[in-house]
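> only geometry, no sequence info:
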């Protein structure tokens, strides 16, 4: 068994799915949970996702071999501070946060000398739903998990977290914190912002009622990510502020190039541009890993 | 039988699916096709979608009871001019174009006194694929078709086109040309432009390779519409230029409001905004008609 005692800080879609997958594989003994919502925690016990919970993060982690942070990013610093004095010898801490720069800063500041025991990770999986009831053991199957190791991480700890995700059916890759945050700002954080802005824009138009009535599947697909957790996504936007603002700026340049061609009625230019984009997208989808699941 | 002789001008995804649905329902006798791509037309005959074809639009329509224009918008004027002198007594012409203002202008200019026989229509259905091989009879099932009747249309002709789409399983609604183009600029044309701009933006980043490698389902869903026909969409953008540029402008205002909150690290403000947007989107999806299909 890989993990005798697992602590899940935040028993929602991701934390809950991880516990389910490890239990199902027989690779985890008991699971203790921490969360803010008692009803959700009771549900998690009832569903067999966790075995026990406590409102005190310290007591949830004090016997744990692996501790997984799966709460919104803005809670990380205070939670890591709360567990810092309660880690048992050899315990590994990891997370599932969608940005890594801010997480590593929080870990270094909150854990001090223990920061090397924190192995940052990001499973590229999720749905637009939240809460333990939305969790399921196959959530990570055939998805990528990005590890962004930091100075002080031992090979053994990195190995444990790698193995943990592989047991869930995920493929684990490693990159730097900075590269992760730049890449994800483009592939995940930008589309969320664009989808939020689109729903907001449509909701404010005079024809709002007909707009929603006559929108088809394109709208549904395009805006599905705008149904994600508002708390989680406001935290992500602020945590990855610099990269995200940069990529939004670049995005606006490309949008304005299309506007310019439309305004000039440059049919030939638009056709060439769209045609080039279509080829790129068709090729990109061939290399992108998972089908039909939402990227966090 | 509703239509004895049907002429499909442009035997692609939409024209082909319409012919298939009407044939399957036994509501259409013979189908003649016109197109630019002979290979596609041979395929259409082979698949039983059409019975014959010709490279001369006049001879394709001269015996037809109903003529359906299903080619890119920029071809409408010359095609309507080409068929204008060949219409048999009582023939009805309709189209499937994604914008209606430019189509009506073309019809009035090309058909002259016969313009009243043109009943503009727009089925809100499609996929990102093109060509007769992508066509299937259920494409319009449970989808909306918008009719935008013009002065001179007879109740009988409007009834024929309404019935034609109902046979395909669609629900037919009626609105003005102007209202159609405003609503569709927001629900359909805007998302396409945003998706094209996003793929273009990502393709131009330094980390391009990793960006496409680590993009998940969110990217796939979000950009699916950027795989649509470049010719069709450049025509749509130019045909609905005024409404589209207006809605892009409004969109940028909403995007900039999100940028402002991110820049100010206004966590509370972002959370409230995203939360409001999420409620709107969740509600909108409940009233929007079809699941899992692409809006044109």
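On my side now, so go ahead. Note that the structure is predicted; figures quoted are calculated from it, not measured.

> do you know the pLDDT at the nearest residue to residue A:130 once chain neighbours are set aside?
Spatial nearest neighbour of residue A:130, excluding adjacent residues (C-beta to C-beta, 6 or more residues apart in numbering or on different chains): residue A:229 at 4.8 Å. For the C-beta atoms, the positions are set from N, CA and C on the backbone; glycine is no exception. Predicted confidence (pLDDT) for residue A:229: 89.

> what's the neighbour count on residue A:229?
Residue A:229 has 21 neighbours, counted by other C-beta atoms under 10 Å in any protein chain shown.

> quick check: it touching residue A:127?
No: checked against C-beta atoms under 8 Å, the pair residue A:229 and residue A:127 is beyond contact range at 10.6 Å.

> can you pull the contacts of residue A:221?
Counting by C-beta atoms under 8 Å, 6 or more residues apart in numbering or on different chains, residue A:221 makes contact with B:221, B:222, B:224, B:225, B:294.

> from chain A, how far off is the second one?
Pointing back at residue B:222 there. Taking C-beta to the nearest C-beta, to the nearest Å as the measure, residue B:222 falls 5 Å from chain A.

> quick check: mean pLDDT of the helix or strand hosting that residue?
Using DSSP states H and E, residue B:222 maps to helix B:217-223. Taken as a whole, helix B:217-223 has an average pLDDT of 75.

> how far off centre is that helix?
Here helix B:217-223 is found 21 Å from its chain centre; the criterion is C-alpha atoms, centre = their mean, to the nearest Å.

> which residues of chain A fall in helices?
A:13-24, A:38-46, A:57-61, A:76-84, A:101-111, A:155-167, A:177-184, A:190-203, A:208-213, A:217-223, A:230-239, A:241-263, A:267-287 (DSSP state H).

> just flag whichever of those has the lowest average confidence.
Here the helices of chain A differ in mean pLDDT, and the lowest is helix A:217-223 at a mean of 74.

> tally of neighbours for whatever residue of the stretch 1-150 of chain A ends up closest to chain B?
Evaluated by C-beta to the nearest C-beta, the stretch 1-150 of chain A has residue A:124 as its residue closest to chain B, separated by 4.8 Å. Neighbour count of residue A:124, defined by other C-beta under 10 Å: 27.

> ok, residue A:165 touching residue A:122?
No: Residue A:165 is not in contact with residue A:122 according to C-beta under 8 Å; the separation is 10.3 Å.

> what's near enough to touch residue A:258?
With contact set as C-beta under 8 Å, 6+ apart, residue A:258 has these partners: A:270, A:273, B:193, B:196, B:197, B:200, B:237.

> mind listing what the residue nearest to residue A:130 touches?
Counted by C-beta under 8 Å, 6+ apart, residue A:229 has contacts A:72, A:130, B:278.

> got a ChimeraX select line for the buried ones in those residues?
Selecting only the buried entries of these in ChimeraX, with 16 or more other C-beta atoms under 10 Å in any protein chain shown as the criterion:
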select /A:72,130 /B:278
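
> residue contacts, residue A:184?
So residue A:184 contacts A:98, A:99, A:122, A:240, B:214 (C-beta under 8 Å, 6+ apart).

> I'd say residue A:112 and residue A:84 touch.
Yes: with contact defined as C-beta under 8 Å, residue A:112 reaches residue A:84; the gap is 7.2 Å.

> partner residues bridging the closest residue in space to residue A:52 that isn't next to it in sequence?
Distance criterion C-beta to C-beta, 6+ apart; nearest residue to residue A:52, sequence neighbours excluded, is residue A:32 at 5.2 Å. As for beta bridges, residue A:32 partners with residue A:7, residue A:52 under DSSP bridges.

> what parts of the stretch 1-150 of chain A come near chain B?
A:74, A:124, A:125, A:143, A:144, A:146 (C-beta under 8 Å from any C-beta of the partner chain).

> touching, the third one and residue A:137? I think so.
It refers to residue A:125. No: counting by C-beta under 8 Å, residue A:125 stays clear of residue A:137, with 11.9 Å between them.

> between the two, which is the more surrounded one?
Neighbours per residue (other C-beta under 10 Å) separate residue A:125 from residue A:137, with residue A:125 holding more: 28 against 19.

> how about the more buried one, nearest residue that isn't a chain neighbour?
Nearest residue to residue A:125 in three dimensions, chain neighbours excluded: residue A:143, at 4.1 Å (C-beta to C-beta, 6+ apart).

> can you check the pLDDT for the one you found?
What the model reports for residue A:143 is a pLDDT of 92.

> if I read this right, it contacts residue A:170, doesn't it?
Yes: the pair residue A:143 / residue A:170 is scored as a contact, 5.3 Å apart, by C-beta under 8 Å.

> any common contacting residues for these two?
Any residue near both residue A:143 and residue A:170 by C-beta under 8 Å, 6+ apart counts here, and that gives A:123, A:125.

> circling back to that earlier point, gap between the residue nearest to residue A:130 and residue B:194?
Noted for residue A:229: a distance of 22 Å to residue B:194, by C-beta to C-beta, to the nearest Å.

> please apply the same query to residue A:114.
44 Å.

> these two: which is more packed in?
Between residue A:114 and residue B:194, counted using other C-beta under 10 Å, residue B:194 has the larger neighbour count: 26 against 18.

> residue B:251 is in contact with the more buried one, correct?
Yes: at 7.4 Å, residue B:194 and residue B:251 qualify as touching, with contact defined as C-beta under 8 Å.

> list the residues that contact both of those two?
Listed contacts common to residue B:194 and residue B:251 are residue A:198; contacts here mean C-beta under 8 Å, 6+ apart.
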